[in-house]
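>>> Generate a structure from the sequence data that follows.
(chains A, B, C and D)
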Number of protein chains: 2
Amino acid sequence: MLDLAILGLLVESDLHGYELRKRLGDLRGLRLAISFGSLYPALGRLERAGYVKAVTSAARTPSAPMSGSLVGELAAFRAQRRAAAGGRGARGKKVYGITDAGRQRLVELLTDPDVSDDREFPVRVAFCEVLPPEERLALFERRRAELVRRVEERRRTPGDRGVNTYLRSLFERDTAALEADIAWLDRLIENERAAAAGSAAATPPAAPDTTTGPHRSADPDGRHEPEEP
Amino acid sequence: MLDLAILGLLVESDLHGYELRKRLGDLRGLRLAISFGSLYPALGRLERAGYVKAVTSAARTPSAPMSGSLVGELAAFRAQRRAAAGGRGARGKKVYGITDAGRQRLVELLTDPDVSDDREFPVRVAFCEVLPPEERLALFERRRAELVRRVEERRRTPGDRGVNTYLRSLFERDTAALEADIAWLDRLIENERAAAAGSAAATPPAAPDTTTGPHRSADPDGRHEPEEP
DNA sequence: GGGCGATATATCGATTCGATATGAGGTGTC
DNA sequence: GACACCTCATATCGAATCGATATATCGCCC
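Next up, the predicted model:
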């Protein structure tokens, strides 16, 4: 699930770990407070797998000696020496970027139907824009079917006969949440169909809402070297 | 969280691991599918800590040679030999019971205010009957306050300016869920106050609902030796 | 110039999961 | 009656994640 979130964020811009975590936390509607103890090992995993690669680090590679500053060079040298010594402490800032394999992997993670973890679905929705419209629709409908299955399952089984008030109350709460979620998915699905119909009817998009289109226009913000103050 | 669920179930009856998992899964409203890879280590932990103890096992202790059956004795002997050999494979069924320390620990787990994991709260509600009424009420009100804090936090921060449709949709869904949860807690709290007022007004309970009382009446089912066919 | 908070990376132990191993005992079935 | 297969039952293994902790830099304020 972390892999999905990381790759999803890196599609938009290159980021280093710390910033990645902040951005993830800033995403309202996705209460995702990733710990560093998960994040850094995950980044290592993804790098080893070739899904992301370190684009820049404070300890710059000798092959890129531009940017003049002698102090910068010195700091980089020191950082490298520290890293080579294997000791703890400050390392250079490592900025990661997604690779082509990573983009492919992201689509895999977004569409794999064998995932049943409820907490993963919102994360998928958060980054589903990279999917082609028909796969996005399929994602929503698969989820809806799963939730409907659960509602029907509880209609079949008697709702906790004999148990105490609190368990009954929990059951009702859960049922209500399930139904609210299905209604929410219905709205998502309807929007999706409307968007598909709209773009099919008129390919030149005269609509004011540009973010809804199948491909987001490249944003004007700095893609590489994020947040270098 | 597992500890809480295990101790909560063992308060009602002694159980072995496999049965414990089944019962947990049977609790509607508490979609809690515990894996064996969590359950058995957790039971070991709790036993080492003195919160539960093995009451019975298929390899019966020599101090309880009743129940006649020679075949049973033989099977027990074989099970014990296997266990002593340290090899893998079938062990005797181990039935656990909660200790006094365990009951104390359960109350601790139910009332600790430093827990912020959202998934734990429903589990607390499921087993909150063991708490005295005033602590149960405090549990509900603390949770309500936390959710209200979150709602106010998002009212302060602008709801994801600029982000895409899907993130906005997730945000709205989350807000709705939050508000539904607060309303649910309001109902729980009101019921709690009503029950408190009712039992204060008339100590002899003429009400038909006996399960709501602070102490559940001992149920007629077998407490020890569960499910021995 | 010295402390402090934000930035930044990393590791450690504990918990949980999912997959897998192992075997007892019952049921069906040819 | 031999066998295949299911449910019951305990256990371990590797991987993912968390929370706590360590360490270091940088800019700011007093």
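>>> Name the single longest helix found in chain A.
As assigned by DSSP state H, the longest helix anywhere in chain A is helix A:165-201.
>>> can you pull the buried residues of that helix?
With burial defined by 16 or more other CB atoms under 10 Å in any protein chain shown, the residues of helix A:165-201 counted as buried are A:165-171, A:173-175, A:177-178, A:181-182, A:184-185, A:188-189, A:192, A:195, A:199. For every residue, glycine as well, the C-beta is placed using N, CA and C.
>>> That one vs helix B:165-201, what angle?
With axes from the mean of the first three to the mean of the last three CA atoms, to 10 degrees applied, the angle from helix A:165-201 to helix B:165-201 works out at 160 degrees.
>>> helices or strands up against helix A:165-201?
Counting contacts by 3 or more CB pairs under 8 Å, 6 or more residues apart in numbering or on different chains; DSSP states H and E, helix A:165-201 packs against helix A:133-156, helix B:120-126, helix B:165-201.
>>> redo that, cut-off 6 Å
helix A:133-156, helix B:120-126 (3 or more CB pairs under 6 Å, 6 or more residues apart in numbering or on different chains; DSSP states H and E).
>>> So for the shortest one, mean pLDDT?
With pLDDT averaged residue by residue, helix B:120-126 scores 97.
>>> what sits up against that helix?
Contacts to helix B:120-126, defined as CB atoms under 6 Å, 6 or more residues apart in numbering or on different chains, come from residues A:Y166, A:L167, A:L170, B:M1, B:L4, B:A5, B:L30, B:L110, B:R143.
>>> Just the CA atoms of that helix, as CSV, please.
This file holds the C-alpha atoms of helix B:120-126, laid out as CSV (Å, rounded to 0.1, in the frame of the first residue of the first chain):
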residue,chain,number,x,y,z
GLU,B,120,-9.1,-0.1,18.0
PHE,B,121,-12.2,1.9,19.0
PRO,B,122,-14.8,-0.6,17.6
VAL,B,123,-13.0,-3.4,19.4
ARG,B,124,-13.2,-1.5,22.6
VAL,B,125,-16.9,-0.9,22.1
ALA,B,126,-17.4,-4.6,21.4
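>>> and it with DNA strand D, contact?
No - Helix B:120-126 stays clear of DNA strand D (CB under 7 Å from any atom of the strand), getting no nearer than 10.2 Å.
>>> Can you name the next helix or strand after the least confident helix or strand in chain A by mean pLDDT?
Between all helices and strands in chain A, the lowest mean by mean pLDDT, DSSP states H and E belongs to helix A:70-85, at a mean of 44. Per DSSP states H and E, the first helix or strand lying C-terminal to helix A:70-85 is strand A:94-98.
>>> Which elements pack onto that next one?
Using 3+ CB pairs under 6 Å, 6+ apart as the contact criterion, the elements in contact with strand A:94-98 are helix A:2-12, strand A:52-57.
>>> for the first one, packing partners?
When you say that, I think you mean helix A:2-12. If contacts are counted by 3+ CB pairs under 6 Å, 6+ apart, helix A:2-12 sits against helix A:17-26, strand A:94-98, helix A:100-111.
>>> Next one: it, is it in contact with DNA strand C?
No - using CB under 7 Å from any atom of the strand as the criterion, no contacts between helix A:2-12 and DNA strand C are found, and the smallest distance is 12.1 Å.
>>> Give me the neighbour count for A:D100.
Using other CB atoms under 10 Å in any protein chain shown as the criterion, A:D100 is surrounded by 9 other residues.
>>> so what pLDDT did it get?
Per-residue confidence for A:D100 comes out at a pLDDT of 97.
>>> for the one 3 residues further on, same thing?
A:R103 is assigned a predicted lDDT (pLDDT) of 97.
>>> Tell me the spatial nearest neighbour of it, not counting adjacent residues.
Beyond its immediate neighbours in the sequence, the residue positioned closest to A:R103 (CB to CB, 6 or more residues apart in numbering or on different chains) is A:V11, lying 6.8 Å away.
>>> I'd like the distance between the one you found and DNA strand C.
When distances are taken as CB to the nearest atom of the strand, to the nearest Å, A:V11 and DNA strand C turn out to be 18 Å apart.
>>> What parts of chain A come near DNA strand C?
The interface of chain A toward DNA strand C, taken as CB under 7 Å from any atom of the strand, is made up of A:16-19, A:22, A:36-37, A:40-41, A:43-44, A:88, A:90-95, A:116-117, A:227.
>>> What subset of those is buried?
The neighbour count (16+ other CB under 10 Å) marks A:H16, A:G17, A:E19, A:L43, A:G92, A:K93, A:K94, A:V95 as buried among the residues of chain A next to DNA strand C.
>>> who does the last one bridge with?
Beta-bridge pairing of A:V95, defined through DSSP bridges, involves A:H16, A:T56.
>>> Confirm for me that it is in contact with A:E19.
No - counting by CB atoms under 6 Å, A:E19 is not a contact partner of A:V95; they are 8.5 Å apart.
>>> What residues does chain A have near chain B?
Taking CB under 6 Å from any CB of the partner chain as the contact definition, chain A meets chain B at A:28-30, A:122, A:125-126, A:128-129, A:159-160, A:164-167, A:170-171, A:173-174, A:184, A:211-212.
>>> rewinding a little: measure how the longest helix of chain A sits relative to helix A:133-156, angle-wise.
Computed by the same axes, to 10 degrees, the angle between helix A:165-201 and helix A:133-156 is 150 degrees.
>>> low-scoring stretches of chain A, by residue?
Scanning chain A for pLDDT under 70 picks out A:57-91, A:158-162, A:200-229.
>>> try it again with 50
Within chain A, the stretches falling below the threshold (pLDDT under 50) are A:59-90, A:207, A:209-229.
>>> Start and end of stretch A:26-39, how far apart?
With CA to CA, to the nearest Å as the measure, the ends of stretch A:26-39 fall 16 Å from one another.
>>> And that stretch, what's buried?
A:L27, A:R28, A:G29, A:L30, A:L32, A:I34, A:L39.
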